[in-house]
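J.: okay, predicted coordinates and the sequence, questions at the end:
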Amino acid sequence: MAALLEEKPVLVIDEWAADQDPYFRRKFYTAIIPLLKQQEITIIAITHDDRYYHCADKLFRMEYGKLIPESVQVFQ
């Protein structure tokens, strides 16, 4: 991710892992994202992959152009 080279405090990724193979997708959400969080980078990840919703600190869904808070525990 070239965006990391800019060393910004917020990283926005939209369906970044969608085209990855299942092994790398799992590694991305369970290893790479936590590593970035340890470096105090805020990650806004847009995804439809509900298998990894449990990796989020906060979860929102888009409904008619509005962000609606969801409970992360529902998806674990």
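T.: The structure has been received and is ready for your questions. Numbering: from 1, shown residues only.
J.: ignoring the adjacent residues along the chain, who's closest to Glu40?
T.: Pro9 (7.2 Å; CB to CB, 6 or more residues apart in numbering). For the C-beta atoms, the positions are set from N, CA and C on the backbone; glycine is no exception.
J.: so who does that neighbour touch?
T.: 40-42 (CB atoms under 8 Å, 6 or more residues apart in numbering).
J.: whichever of these end up buried, select them in PyMOL.
T.: In PyMOL, this line selects whichever of the contacts of Pro9 come out buried by 16 or more other CB atoms under 10 Å:
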select buried, resi 41
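J.: run through the strands of the protein in chain order.
T.: 10-14, 42-46, 59-63, 66-70 (DSSP state E).
J.: of all these, which one comes closest to Ala31?
T.: For Ala31, the closest of the strands of the chain is strand 42-46, at 13.3 Å, according to CB to CB.
J.: what average pLDDT does the closest one get?
T.: The average pLDDT within strand 42-46 is 92.
J.: flag the shaky bits of this structure, pLDDT-wise.
T.: Across the chain, the ranges flagged by pLDDT under 70 are 1, 5, 72-76.
J.: leaving out the residues flanking it, which one is nearest to the residue most central in space within it?
T.: By CA atoms, centre = their mean, the chain has its centre lying nearest to Ala45, at 3.3 Å. The shortest distance from Ala45 to any non-neighbouring residue, by CB to CB, 6+ apart, is to Ile13 (5.1 Å).
J.: residue with max distance from the center of the protein?
T.: Tyr64 (21.4 Å).
J.: how close does Val10 get to Ala45?
T.: 11 Å (CB to CB, to the nearest Å).
J.: want to throw the contacts of Pro9 into JSON lines with distance to Ala56?
T.: Formatted as JSON lines, the contacts of Pro9 follow (distance: CB to CB, whole Å):
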{"residue": "Glu40", "distance to Ala56": "17"}
{"residue": "Ile41", "distance to Ala56": "14"}
{"residue": "Thr42", "distance to Ala56": "12"}
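J.: of the contacts of Pro9, closest to Ile32?
T.: Ile32 has its nearest neighbour among these in Ile41, at 10.9 Å by CB to CB.
J.: residues contacting the closest residue to Arg25 other than its chain neighbours?
T.: Distances taken as CB to CB, 6+ apart place Ala17 nearest to Arg25, at 4.5 Å, with adjacent residues excluded. Going by CB under 8 Å, 6+ apart, Ala17 touches 24-25, 28-29, 47, 49.
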